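Enquirer: Got a predicted model here, sequence first, then my questions.
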Amino acid sequence: MVTIKIDGKEFKVDDKKNLIDAVKEVGEDIPYFCYHPALKIVGMCRMCLIEIEGNPKIQAACNTPVKEGLSIITKSARVKEAREGTMEFLLANHPLDCPVCDKAGECDLQDNAFSSGKGVSRFEFNKRNVPQEEIGENLLINHNRCIVCYRCVRFEEEKVGESNLGLFERGYHSLIGLAKDKLIAHNYQGALSDICPTGALLNKKTLFKSRVWWYKTAKSVCHGCSTGCNIETNVRDNKMYRYMTRENREQGMYFLCDKGRFDLDWINENRLQSYQEKGLPVESSKVIPSILSKIKTANKIAIIGGAHESNENLSVILEEAKKWKKTVITEVRVIDSQYEAPKQVDFLMTSDPHPNTKGAVDLGFVSSEKISDIVSDFNKGGIDLLVVIKENIPEGIQHGKGLVVVLHTNITASVKDADIAVPIKAFTEQSGTFTNKNGIKQEFEAAMNPVLGMPSSGDFFRRLSLELTRKEEVLVGNH
């Protein structure tokens, strides 16, 4: 920690941080566009201009080292005039299309125009007009909105490891465009749109879907893999519209891959909303007795899957299964990648497509048997009841050997093939925690309202235990 002066006041700040971040932590604010805490400094936008005592020229804050005795001025008339000038140049060719721009309401250009702009324009000439262009499989660029901050180019080169974008022409004619003759196809097109401080980069999948101020927001964790990226869910009329990055600087989380960001249709569509028997909807009162009967007579029970469930649900399942006083095998690992440390597919996404494998393993939701052994045991009649939690029924299962019960959020082929299917809440409809690949337990909030009466996986196991207890009480009473 070092002592610096900000507008005449002394503050203790972290000298390892960028000046913009250090100033923000003590309650002051320096506007910027091109700076990003996870990218290298370029100082292109000239928005973060400040005065430094002892230096005759105005300087860019992002490129100023934090050191003992530094004294900066962020609110002088000179700084104000410089920032107003920067904004005036940036807005000279920028269209006034906020009413139709997807970025409206969460746009850095809007915010800085209001806080640091003049409020009027002296530009009397025709604005430059460059046609919108498709640059990715899910990415458009509106050249007229681009302020050439270079964030997108730097992100691709520094994080994705590709160089699909470049800066072309000079001065008035400068624009960001494709540097290759093919569209961008990588897993971070959503992140490119996210990192853009204006509405220049747009994702086709979310274009013109909703205004941002109509969303109900909740803190959550991405379900796409074991990295556990921190996100905000955006819900409107109980429909999940999008995931947005929720910065977690302590863990270095700033971005989100497309696999996690856009895998949302299953939350809104094709949901399993009733119990099913042999693929046909039934009331719970028709199938619960069959499950209870099988639990009572079973020699061995297997519960597999569950890496999409919260730690809290898994704890309840383990606790309730113990009450049955049967031999119960639990195994969360249903694919090979869950048996080893997750491998990085790219700089964020891992080879394990489950958000809570680590949490389940830590809780002991594992056995000495592999899935192939459990399948073989079931087919030989050694396992009488197989419960599958939000996974596909394992290949090779021979139906008719025992009872197969699938707990799922959606109508899948396994739900239709199961003897009994049970609807459960999605993780977005409840609160809880996932444990990521690094062993960090992260909370997520309920973002949507489930169908009235729908249980979580933990609730369903509680009901089974409660029903079993009631049956025993009735039998004791009759004797």
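Expert: Yep, it's here.
Enquirer: burial measure for the closest residue to Thr327 other than its chain neighbours, as a count.
Expert: Excluding the flanking residues, the one nearest Thr327 by CB to CB, 6 or more residues apart in numbering is Lys300, at 4.6 Å. In short, each C-beta sits where N, CA and C put it, glycine included. Per other CB atoms under 10 Å, the neighbour tally for Lys300 reads 18.
Enquirer: How about the contacts made by Lys300?
Expert: Residues in contact with Lys300 (CB atoms under 8 Å, 6 or more residues apart in numbering) are Lys326, Thr327, Val328, Ile329, Asp377, Gly382, Ile383, Asp384.
Enquirer: secondary structure class for the fourth one?
Expert: For Ile329, the secondary structure call by DSSP: H, G, I helix; E, B strand; the rest coil comes out as strand.
Enquirer: Save the contacts of Lys300 as a markdown table, and put in neighbour count, distance to His308 and pLDDT too.
Expert: Converted to a markdown table, the contacts of Lys300 look like this (neighbours: other CB atoms under 10 Å; distance: CB to CB, whole Å; pLDDT from 0 to 100):
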| residue | neighbour count | distance to His308 | pLDDT |
| --- | --- | --- | --- |
| Lys326 | 16 | 25 | 96 |
| Thr327 | 12 | 25 | 97 |
| Val328 | 20 | 20 | 97 |
| Ile329 | 19 | 19 | 97 |
| Asp377 | 18 | 24 | 96 |
| Gly382 | 16 | 27 | 96 |
| Ile383 | 22 | 22 | 97 |
| Asp384 | 18 | 25 | 97 |
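Enquirer: Pull the most distant pair out of the residues you listed.
Expert: Lys326 and Asp377 (14.5 Å; CB to CB).
Enquirer: Same question for stretch 274-283: list its buried residues.
Expert: Residues Ser274, Tyr275, Gln276 are the ones in stretch 274-283 that count as buried (16 or more other CB atoms under 10 Å).
Enquirer: now the spatially most central residue of the chain: how far from Gly432?
Expert: By CA atoms, centre = their mean, the chain has its centre lying nearest to Cys222, at 3.3 Å. For Cys222, the distance to Gly432 equals 14 Å [CB to CB, to the nearest Å].
Enquirer: same deal with Gly177?
Expert: Using CB to CB, one gets 44 Å for the distance from Gly177 to Gly432.
Enquirer: quick one, which of these two is more surrounded?
Expert: More neighbours surround Gly432 than the other of Gly177 and Gly432, with 22 against 16 (other CB under 10 Å).
Enquirer: List the contacts of the more buried one.
Expert: Going by CB under 8 Å, 6+ apart, the list of residues near Gly432 reads Ser310, Asn311, Glu312, Asn313, Glu443, Phe444.
Enquirer: which of those has the most neighbours?
Expert: Ser310 (26 neighbours).
Enquirer: where does the closest residue to it other than its chain neighbours land on pLDDT?
Expert: Take Ser310 and drop its neighbours on the chain: the residue closest to it by CB to CB, 6+ apart is Gly432, 2.9 Å away. Predicted confidence (pLDDT) for Gly432: 98.
Enquirer: And the furthest pair within the contacts of Gly432?
Expert: Longest span within these, CB to CB: Asn313 and Glu443, 14.0 Å.
Enquirer: what about the helices in the protein?
Expert: 19-25, 77-92, 108-116, 151-155, 189-195, 258-261, 265-268, 284-297, 311-323, 357-363, 371-379, 413-417, 457-478 (DSSP state H).
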